[in-house]
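Colleague: I'd like to go over a predicted model; first the sequence, then the structure.
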Amino acid sequence: MTEPTIYKGLVGVYADVSAVSKVMPETNSLTYRGYAVQELCEETDFEQVAYLLWHGELPTAAQLQAFQAEERANRALSPALLRVLRDFPKDAHPMDAIRTAVSFMGMEDPESADVSDAAQRRKAMRLFAKAPTAVAAANRLSKGLEPIEPDASLPYSENFFHLVFGKVPQPEVIKSFDVSMILYAEHTFNASTFTARTVTSTGADIHGAIAAGIAALKGPLHGGANEAVMHMLKEVGSPEAAVDWLEGKFDHRALVMGFGHRVYKSGDSRVPTMTKYAEKMAEVVGDRRWMETSRVLAKQMLERKNIHPNLDFPAGPAYYLMGFDIPMFTPIFVCSRITGWAAHVFEQAADNRLIRPLSHYTGVDQRAVPPLAARG
Ligand SMILES: CC(=O)SCCNC(=O)CCNC(=O)[C@H](O)C(C)(C)COP(=O)(O)OP(=O)(O)OC[C@H]1O[C@@H](n2cnc3c(N)ncnc32)[C@H](O)[C@@H]1OP(=O)(O)O
Ligand SMILES: O=C([O-])CC(=O)C(=O)O
């Protein structure tokens, strides 16, 4: 019998068509619904990008107003969910907290069992609006602080800071955060999005798909890398120590977090924009240490290994400079990626076929079951 070709890690496999976004590794570029992501960062904001991903077109002023009004009206958590969040172990991983909160939101959603396109879209809006409230509440409760109520007078990104810190920072900080949310929003068939599509392909609901996406995003090879990058920068300590630190990693053939990418082999399309806004954060805060250390690491990785940084590399220090606790970084990524995951859930469901690949069996040949007494 001829051996089937195995595509380990599904490298190079086209699993379906998609009209949501396009990664062009040959030019290090990325478009959402045909718009270059860098241009979206400069010309729009995260709410407009969320609308674009879900509807295929940028909103008109009236459409944006309606979208924002719906988002602002759905931010509050139920008293039952707040009670559950209060009962989480204080040392619960924040990604486990948001994954569990999303599952809970699914159970209490008024349209829980309805997987029609219209209901899934309404549920996506509720998830999009509530996720920041849950992420911020879990973070504050883990530190013994009371959750803060969302402020419906504030746009999405301003409200995020309000929920976490109880105040809104200067516009430069909001802009850098908003840019990170646009850049993190969507990236074709990455592991978490493919997971969400696989769950959707079984006919399951959007809360299940997004909870599964969160579980996949937590891993350090995917979204968890933005936290690992900041731990790494702190371990390195200073730009002067970066080259020796990196050589030590090479000696042990260790992975360097925030570097490498399955699709981009000559640079991640999002890195220049995120680096620009991380640099702005360093200016605002007046602390250049992390960006200088990053610069040396990136230069050395390229010279020694020809490996480029990915989006998590500048996003890690950017979030740190914004004042977020490191365990918040991947949950922030969740709040952004909910938009991309949901767009893929809608697309998968609209033209569905169960996702079910094959495995090539390499175990022992078929054999008889020995009786218990005969098993040595
Ligand atoms: C938002 C995101 O999810 S972006 C990704 C975030 N993840 C990280 O930053 C984690 C660190 N990076 C990695 O682990 C990998 O680069 C991944 C998982 C992102 C991509 O993995 P793959 O596509 O399977 O990369 P692949 O294994 O083919 O890498 C090619 C070579 O580069 C090496 N390499 C890739 N990334 C790194 C890295 N970060 N540090 C050191 N070496 C690396 C591999 O070891 C491999 O070397 P080899 O040919 O000697 O075996
Ligand atoms: O595309 C990938 O494999 C990972 C990634 O960069 C993302 O999900 O943003």
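Modeller: That came in fine, so what should we check first? Ligands and ions are numbered 1, 2, ... in the order given.
Colleague: Give me the contact list for the helix or strand hosting Gln38.
Modeller: Using DSSP states H and E, Gln38 maps to helix 37-43. Residues from elsewhere that reach helix 37-43 (C-beta atoms under 8 Å, 6 or more residues apart in numbering): 29-32, 48-49, 52, 179, 182-183, 269-270, 272-273. The way it works is simple: take the backbone N, C-alpha and C, and place the C-beta from them, glycine included.
Colleague: between those, which is nearest Ala152?
Modeller: Gln48 (18.7 Å; C-beta to C-beta).
Colleague: who's in contact with that closest one?
Modeller: So Gln48 contacts 40, 58-59, 64 (C-beta under 8 Å, 6+ apart).
Colleague: Same question for Glu247.
Modeller: Going by C-beta under 8 Å, 6+ apart, the list of residues near Glu247 is empty.
Colleague: And Lys175, by the same measure?
Modeller: 277, 280.
Colleague: any idea how far it is from Tyr264?
Modeller: 25 Å (C-beta to C-beta, to the nearest Å).
Colleague: same question, Ser29
Modeller: Applying C-beta to C-beta to Ser29 and Tyr264 gives a distance of 10 Å.
Colleague: which one of these two has more residues nearby?
Modeller: Tyr264 (22 against 16; other C-beta atoms under 10 Å).
Colleague: my read is that one is in a strand, agree?
Modeller: No - using DSSP: H, G, I helix; E, B strand; the rest coil, the assignment for Tyr264 is coil, not a strand.
Colleague: how about the residues of the chain near ligand 1?
Modeller: 9, 221-223, 225, 255-262, 307, 310-312 (C-beta under 6 Å from any ligand atom).
Colleague: Just the buried ones from these?
Modeller: Buried by 16 or more other C-beta atoms under 10 Å: 222-223, 225, 256-262, 310-312, out of the residues of the chain next to ligand 1.
Colleague: now, which of the residues you listed lie close to ligand 2?
Modeller: Checking those against ligand 2 (C-beta under 6 Å from any ligand atom), the matches are 262, 310-311.
Colleague: Take those and lay them out in a markdown table including pLDDT.
Modeller: Output for those, formatted as a markdown table (pLDDT from 0 to 100):
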| residue | pLDDT |
| --- | --- |
| Arg262 | 97 |
| Asn310 | 98 |
| Leu311 | 98 |
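Colleague: Tell me which residues touch the spatially most central residue of the chain, please.
Modeller: Compute the mean C-alpha point of the chain, and by C-alpha atoms, centre = their mean the closest residue is Phe333, 3.5 Å away. Applying C-beta under 8 Å, 6+ apart to Phe333 gives the contacts 184, 217, 223, 226, 315.
Colleague: Correct me if wrong: the third one contacts Asn190.
Modeller: No - if you go by C-beta atoms under 8 Å, Gly223 and Asn190 don't touch, sitting 9.0 Å apart.
Colleague: Helices of the stretch 151-300 of the chain, start to end?
Modeller: 156-165, 171-184, 191-201, 206-217, 225-236, 242-251, 271-285, 289-305 (DSSP state H, counting those that start in this stretch).
Colleague: Name the next helix or strand downstream of the last one, please.
Modeller: If I follow you right, that is helix 289-305. Trace forward from helix 289-305 with DSSP H and E and the next one is helix 312-322.
Colleague: What are the contacting residues of that following helix?
Modeller: Contacts of helix 312-322 (C-beta under 8 Å, 6+ apart): 169, 173, 176-177, 180, 183-184, 223, 225-230, 233, 257-259, 271, 274-275, 277-278, 281-282, 284-285, 287, 290-291, 294, 298, 326, 328-329, 332-333.
Colleague: and if you look at stretch 228-235?
Modeller: 220, 245, 256-258, 290, 293-294, 297, 312-313, 315-317, 319-320, 326, 329.
Colleague: Separate out the buried members of these.
Modeller: Buried, going by 16+ other C-beta under 10 Å: 245, 256-258, 290, 293-294, 297, 312-313, 315-317, 319-320, 326, 329, out of the contacts of stretch 228-235.
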